[in-house]
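> coordinates only, no sequence provided:
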DNA sequence: TTGCGGCATGGTATCGATACCATTTTGATG
DNA sequence: CATCAAAATGGTATCGATACCATGCCGCAA
């Protein structure tokens, strides 16, 4: 006897297939269908195959809400991205997108979904039903961290890794990147290295720290140009200032805290009539497509952001499963090109 | 009598607050709590306030799965992003991220969540439980569209808008952008315009079409340099080729299909010893931060991607509500700077 | 033939929120 | 004070999938 729908909620749709429907078709009970779909060993292979076949044939899609309700879980991770206008933050370029790629890959592989939220929303609570949170954008220093932490959910942050930070942070090895650049300069025999960038940002501070430490080990002290902006224009301006000085004290090696500034610096140097890399060598950071396509191709520090995303995802999942998780630094690699 | 949990699923957690709990605390029935939380007019203001107060005080968070199950909806939109390695596709930069920003804003405002998926996953079906799909990345031409369409869900695509396309597409007015650049060149009195870009991409083809049509109306015919790559290097190379030709036929105005190529072209022109914009004027497309920060600052065509995201979101929601929806072109605007 | 362990499967209750319909309460008017 | 409409609230069933426990069935040893 076909049951009329006693609840008149939405009589429009033809009502999607349920496990009960499949069960009727296969001549088994709903619970058996459930087991078959979960590939449980408690169902005979023959039955299982038949049911799975039927499911595929009729395009059965499981109702996630029902499953999640029964299982008391959502299989969902929230990713919060602080998307700010671009001018003020170093969050230029597609870097969050690369991270997202890695996160997506790892989460979907684990059967989880990714719920995206933008920062500064009016929602007071955590994104609906998320089991964990990944925070992208302003590192472990910003206000968003505190807010996210208040939700009492497993939290992982992308940013600058520091030992005394209580959060689980994944970030690239900024210090190591700086050191690698320093080593490169030393190999090239440069003696008047210079750093361009704003130390107010934790990441830049780390890069400079690594850079300086390595130089000091070799008896050198870098010149620091604290430049607040992140644009090519900022790079040019800063560089022009340096070039104006006495030839004897003029830098012969410039480490810019990102590719944009490095490109600006290169422009200024060439306009000034000096050659790259003969007179001055320039190294950037980020390995953007832009720097790679330039003439001369930019030497830069590459961070594998996709891999970073994978790591972030893996760590939230581990925290959800109750494992202890530590912060981690991604190795970076200096890509030597023409500058 | 306190009920023991008959099902021994997960005895660990302290079990989150439910409406029934709130109901007990407030001395009302669960259904009243439900109404109060939904701000229904069927509950006395006094009661409503009391219940909402309790909820806030105890940090009550509604179980989304249960709600969605009962309501037969998920309040979730899937966003598919075709994230490809970057070298080959024009999807450079942060443009999908800007779109995502707009989408997020509009969806969360409407009480919907955004489920992010990366392209080329092994998942055969639509993202779990989504009510609609937004496709970002390869426009209405790629393979992903067909796949997404097979899911029978309301679908909206970002890409090149064309009249004969059966899909709902949102994209910027590429043709209009091209025309605007043409008008600019004509205003400046240029007579030998040139277009740099790969017409294999629908968007570029549109830009060229608009550019050419407007020039033709003024008795001019643009030179087309079909360049397959999208990098600055490609821009330089193409430009060097043009500069090598006879001075009489050398272009005096270059429209590059994106900012990167425009920048490359500018580099080549300056290396060649010509001045910008006196000898040759250059216009890009996209209005990236990069072009804006350059010296000389790049004149370019700006598209409001954030607004585009809002539009995409709005259209899926409309389709979900059963409204007829048409494709739409976003207006673009030429930003005149120094090049 | 009888008894028993193990495998395959089914019945029933449950996750938490909400629609439908019923019931109680309130307020207003004759 | 009685009567009735409107307002406020509650009981019960339900969304779809799954955990627990029970049952039916098989073959094999005694």
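The structure has been received and is ready for your questions. Only a predicted model underlies this, so the values are computations on that prediction, with no experimental measurement involved.
> pick out the residue closest to the middle of chain A.
Nearest to the geometric centre of chain A sits residue A:99, at 3.0 Å (CA atoms, centre = their mean).
> quick one: the helices in the stretch 1-150 of chain A?
Applying DSSP state H, counting those that start in this stretch to the stretch 1-150 of chain A gives helices spanning A:19-26, A:30-37, A:45-57, A:64-71, A:95-109, A:143-149.
> pull out the buried residues from the second one.
Buried residues in helix A:30-37, defined by neighbour count with 16 or more other CB atoms under 10 Å in any protein chain shown: A:32-37. Any C-beta I mention is one placed from the backbone N, CA and C, and that applies to glycine too.
> which one of these sits closest to chain B?
Nearest to chain B, judged by CB to the nearest CB, of the buried residues of helix A:30-37 is residue A:37 at 12.9 Å.
> state the distance from the closest one to residue B:78.
Residue A:37 sits 21 Å away from residue B:78, going by CB to CB, to the nearest Å.
> run a quick neighbour tally on residue A:306.
Residue A:306 has 19 neighbours, counted by other CB atoms under 10 Å in any protein chain shown.
> please apply the same query to residue A:160.
With other CB under 10 Å as criterion, residue A:160 counts 22.
> quick one, phi psi at it?
With angles defined as degrees, to the nearest 10, residue A:160 sits at phi -80, psi 130.
> now it, nearest residue through space, not along the chain?
Residue nearest to residue A:160 in three dimensions, not counting chain neighbours: residue A:202, with 3.8 Å by CB to CB, 6 or more residues apart in numbering or on different chains.
> hang on, the one you found packs against residue A:158?
No - applying CB atoms under 8 Å, one finds residue A:202 not in contact with residue A:158, separated by 11.9 Å.
> and the residue in the stretch 101-250 of chain A that DNA strand D sits nearest to, what does it touch?
Proximity of the stretch 101-250 of chain A to DNA strand D (CB to the nearest atom of the strand) peaks at residue A:111, 11.4 Å away. Residue A:111 makes contact with residue A:75, according to CB atoms under 8 Å, 6 or more residues apart in numbering or on different chains.
> repeat the analysis, applying 10 Å as the threshold.
Residues in contact with residue A:111, defined by CB atoms under 10 Å, 6 or more residues apart in numbering or on different chains, are A:75, A:317, B:128.
> now residue A:198
Contact analysis of residue A:198 by CB under 10 Å, 6+ apart lists A:90, A:204-205, A:208, A:225-230, A:234, A:257, A:261.
> hang on, isn't residue A:300 packed against residue A:337?
Yes - with contacts counted by CB atoms under 10 Å, residue A:300 reaches residue A:337, the gap being 7.5 Å.
> what touches both of the two?
A:283-284, A:287, A:291-292.
> which of those tops the neighbour count?
residue A:284 (31 neighbours).
> what about that one, which helix or strand?
Element membership of residue A:284 [criterion: DSSP states H and E] is strand A:281-285.
> is any part of the next helix or strand after that strand close to chain B?
Next helix or strand after strand A:281-285 toward the C-terminus (DSSP H and E): helix A:289-293. Yes - shown here: helix A:289-293 in contact with chain B (CB under 10 Å from any CB of the partner chain) through A:289-293.
> can you list the residues of chain A near DNA strand D?
Residues of chain A lying near DNA strand D by CB under 7 Å from any atom of the strand: A:5-7, A:15-16, A:18-20, A:30-31, A:34, A:37-38, A:62-63, A:66-67, A:69-71.
> out of those residues, which end up buried?
The neighbour-count criterion (16+ other CB under 10 Å) marks A:19, A:34, A:37, A:62-63, A:67, A:69 among the residues of chain A next to DNA strand D as buried.
> and which of these is nearest residue A:215?
Nearest to residue A:215, judged by CB to CB, of those is residue A:67 at 57.3 Å.
> could you report the pLDDT at the closest one?
pLDDT recorded at residue A:67 is 92.
> right, and it touches residue B:66 too?
No - using CB under 10 Å, residue A:67 is not in contact with residue B:66, being 11.9 Å away.
> and stretch A:313-328, how far from the chain's centre?
16 Å (CA atoms, centre = their mean, to the nearest Å).
> what residues sit buried inside it?
For stretch A:313-328, burial by neighbour count (16+ other CB under 10 Å) applies to A:313-320, A:325, A:327-328.
> would you turn those residues into JSON lines with distance to chain B, pLDDT and secondary structure?
Output for these, formatted as JSON lines (distance: CB to the nearest CB, whole Å; pLDDT from 0 to 100; DSSP: H, G, I helix; E, B strand; the rest coil):
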{"residue": "A:313", "distance to chain B": "12", "pLDDT": "95", "secondary structure": "helix"}
{"residue": "A:314", "distance to chain B": "16", "pLDDT": "95", "secondary structure": "helix"}
{"residue": "A:315", "distance to chain B": "18", "pLDDT": "96", "secondary structure": "helix"}
{"residue": "A:316", "distance to chain B": "15", "pLDDT": "95", "secondary structure": "helix"}
{"residue": "A:317", "distance to chain B": "16", "pLDDT": "94", "secondary structure": "helix"}
{"residue": "A:318", "distance to chain B": "17", "pLDDT": "93", "secondary structure": "helix"}
{"residue": "A:319", "distance to chain B": "15", "pLDDT": "92", "secondary structure": "helix"}
{"residue": "A:320", "distance to chain B": "12", "pLDDT": "90", "secondary structure": "helix"}
{"residue": "A:325", "distance to chain B": "19", "pLDDT": "91", "secondary structure": "coil"}
{"residue": "A:327", "distance to chain B": "25", "pLDDT": "92", "secondary structure": "coil"}
{"residue": "A:328", "distance to chain B": "22", "pLDDT": "92", "secondary structure": "strand"}
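> which of these lies at the shortest distance from DNA strand D?
Closest to DNA strand D, out of all of the buried residues of stretch A:313-328 and judged by CB to the nearest atom of the strand, is residue A:320, at 17.0 Å.
> so how far is residue A:134 from the closest one?
In terms of CB to CB, residue A:320 sits 12 Å off from residue A:134.
> overlap in contacts of these two?
Shared contacts of residue A:320 and residue A:134 (CB under 10 Å, 6+ apart): A:77, A:154.
> and for the residue nearest to residue A:160, the neighbour number?
Neighbour count for residue A:202, taken as other CB under 10 Å: 19.
> hang on, it packs against residue A:161?
Yes - using CB under 10 Å, residue A:202 makes contact with residue A:161 at a distance of 9.4 Å.
> hang on, the earlier thing: strand partners of the strand holding residue A:284, parallel vs antiparallel please.
Strands that pair with strand A:281-285, judged by DSSP bridges, come out as strand A:253-256 (parallel), strand A:299-303 (parallel).
> what about that strand, average pLDDT?
Averaging pLDDT along strand A:281-285 yields 93.
> chain center to it, what's the gap?
Worked out by CA atoms, centre = their mean, strand A:281-285 lies 23 Å from the chain centre.
> now stretch A:225-236
Relative to its chain's centre, stretch A:225-236 lies at 24 Å (CA atoms, centre = their mean).
> in it, what counts as buried?
Of the residues in stretch A:225-236, A:225, A:227, A:229-236 count as buried by neighbour count, 16+ other CB under 10 Å.
> between the two ends of that stretch, what distance do you get?
In stretch A:225-236, first residue to last residue: 12 Å (CA to CA, to the nearest Å).
> got it, and stretch A:20-40?
18 Å.
> chain center to it, what's the gap?
Relative to the centre of its chain, stretch A:20-40 is centred 41 Å away, using CA atoms, centre = their mean.
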